[in-house]
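Novice: Sequence first, predicted coordinates after that:
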Amino acid sequence: MSEGSDSDPLANGGRGKPRSKRARKSTDAMRSKTSDVGKALRSVYDITLREDVPRDFHDLLGKLR
């Protein structure tokens, strides 16, 4: 990349033009929503990992040994 170019592919839509304030706000909002979705997914995943395995499922897994 040339000096002064932005390494962020969302920064200018992949074009060599500087972003407008409107485009920057749109990109920032998209990053914020993406971050929020990521946090929500991690939260659900963490809760799922802490759940107990249902007894019936545990019994079925035991029969596979």
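Specialist: Everything's here; your move.

Novice: quick one, helices of the chain?
Specialist: 21-50, 55-63 (DSSP state H).

Novice: Lowest mean pLDDT across those helices, which one is that?
Specialist: When the helices of the chain are compared by mean pLDDT, helix 21-50 comes last with a mean of 88.

Novice: Mind listing what's buried along that helix?
Specialist: T27 (16 or more other CB atoms under 10 Å). From N, CA and C alone the C-beta is placed, and that goes for glycine too.

Novice: can you give me the offset of it from its chain's centre?
Specialist: Its chain's average C-alpha position is 6 Å from that of helix 21-50, according to CA atoms, centre = their mean, to the nearest Å.

Novice: same deal with stretch 41-60?
Specialist: 22 Å.

Novice: Quick one: end-to-end distance for it.
Specialist: Stretch 41-60 has an end-to-end distance of 28 Å (criterion: CA to CA, to the nearest Å).

Novice: Show me what it is in contact with.
Specialist: L61 (CB atoms under 8 Å, 6 or more residues apart in numbering).
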